[in-house]
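Enquirer: build me a model:
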Amino acid sequence: MRYEIEGAPLSVLTCHLSKGEVMVCQSGAMSWMHNLSMSTEMKGGLGKAFGRSFSGESMFLNYYTCQGEDGFIAFSSSMPGNIIAMRMEEVGCIVAQKRAFLASEPTVETEAKFSGIKKGLFGGEGFIMQRVSGRGLVFFELDGHIQEINLAPGQTLQVDTGHIALMEDTVNMDIERIKGVKNVLFGGEGLFNTTVTGPGKVWLQSMPVSKLAGSVAPFIASGD
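Expert: As a prediction, this is how the structure comes out:
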């Protein structure tokens, strides 16, 4: 399979398939296609399906199979940002924010990962994240510009809530309360920051959807 990603910040991913090749995606993710057939399945059984629903994804996945010598399928982004590709053999295992998974080859595995009570309440990523493993290509849809930072063992990075898009599973994530009364009351950064500790790579997004919604909200009429 070959692919191309075009049109950022409203990106389109086009995957070109040969006969018998398959792409897997969330329900409703397909934008247009040629010479492919679709089937809908609950991959991994009921337990993994419920896990996907808790992580913000659909319980059922769509499988698109090329029927002729060649075909293609396109997936368009739902928010301004970027679509990035990863080959799982090269990265091992990835922990992703919910809603990040866009499409993959069928050999890629996704499951829910519980982030913990404190991280879920104050970390900005929710209680459930996604753990992505296996082999083959996977495509993620992320918000805004993407910055990659490779952390050395023991190296830390403080991140405002919501800006962590992906990280290797060797990276540890924790929540730290902002110190100082004036910092909390007047700093505009809330009560908590997320601290990630290496080793491993972290992918940060410049405009998480929660921040975009907060920026747009004052300009939307309330209707009162």
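Enquirer: pull the contacting residues for the spatially most central residue of the chain.
Expert: Among the residues of the chain, the one closest to the centroid is residue 100, at 1.8 Å (C-alpha atoms, centre = their mean). By C-beta atoms under 8 Å, 6 or more residues apart in numbering, residue 100 lies in contact with 130, 140, 141, 142, 165, 166. The C-beta positions use only the backbone N, C-alpha and C, and glycine is treated the same way.
Enquirer: my read: residue 62 touches residue 27, true?
Expert: Yes. Between residue 62 and residue 27 there is a contact under C-beta atoms under 8 Å: 6.1 Å.
Enquirer: these two: which has the busier surroundings?
Expert: residue 62 (19 against 12; other C-beta atoms under 10 Å).
Enquirer: could you dump whatever helix or strand that one lives in to PDB, C-alpha only?
Expert: Element membership for residue 62, per DSSP states H and E: strand 61-66. Taking C-alpha atoms only, strand 61-66 is exported to PDB below (Å, rounded to 0.1, in the frame of the first residue of the first chain):
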ATOM      1  CA  LEU A  61     -14.900  -0.600  12.900                       C
ATOM      2  CA  ASN A  62     -15.200  -0.500   9.100                       C
ATOM      3  CA  TYR A  63     -13.100  -2.700   6.900                       C
ATOM      4  CA  TYR A  64     -12.500  -1.600   3.300                       C
ATOM      5  CA  THR A  65     -11.100  -4.200   0.900                       C
ATOM      6  CA  CYS A  66      -9.800  -3.600  -2.600                       C
END
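Enquirer: which residues in the protein form helices?
Expert: Here the chain has its helices, by DSSP state H, at 45-54, 88-91, 117-122, 181-186, 209-216.
Enquirer: nearest spatial neighbour of residue 145, skipping sequence neighbours?
Expert: Nearest residue to residue 145, sequence neighbours excluded (C-beta to C-beta, 6 or more residues apart in numbering): residue 206, at 4.2 Å.
Enquirer: quick one: neighbours of that neighbour, just the number.
Expert: Neighbours of residue 206 using other C-beta under 10 Å come to 15.
Enquirer: residue 94 now?
Expert: For residue 94, the count of nearby residues is 24 (other C-beta under 10 Å).
Enquirer: quick check: mean pLDDT of stretch 206-219?
Expert: For stretch 206-219, the per-residue pLDDT values average out at 73.
Enquirer: where in this protein is pLDDT low?
Expert: Low-confidence segments of the chain (pLDDT under 70): 43-58, 115-127, 177-191, 212-215, 217, 221-224.
Enquirer: try 50
Expert: 117-124, 180-188, 224 (pLDDT under 50).
Enquirer: quick one: the residue nearest to residue 145 and residue 160 touch, right?
Expert: No. With contacts counted by C-beta under 8 Å, residue 206 stays clear of residue 160, the gap being 10.8 Å.
Enquirer: hmm, residue 18 is touching residue 70, no?
Expert: Yes. Contact status for residue 18 versus residue 70: in contact at 6.1 Å, counting by C-beta under 8 Å.
Enquirer: returning to what we had before: show me which of the contacts of residue 100 is closest to residue 176.
Expert: residue 165 (19.7 Å; C-beta to C-beta).
Enquirer: dump the residue contacts of the closest one.
Expert: Here residue 165 is in contact with 96, 97, 100, 140, 142, 143, 146, 203, 204, 205, 208 (criterion: C-beta under 8 Å, 6+ apart).
Enquirer: can you do 10 Å?
Expert: 81-82, 84, 96-97, 100, 125, 140-144, 146-147, 202-206, 208 (C-beta atoms under 10 Å, 6 or more residues apart in numbering).
Enquirer: that concludes my questions; thank you for your assistance.
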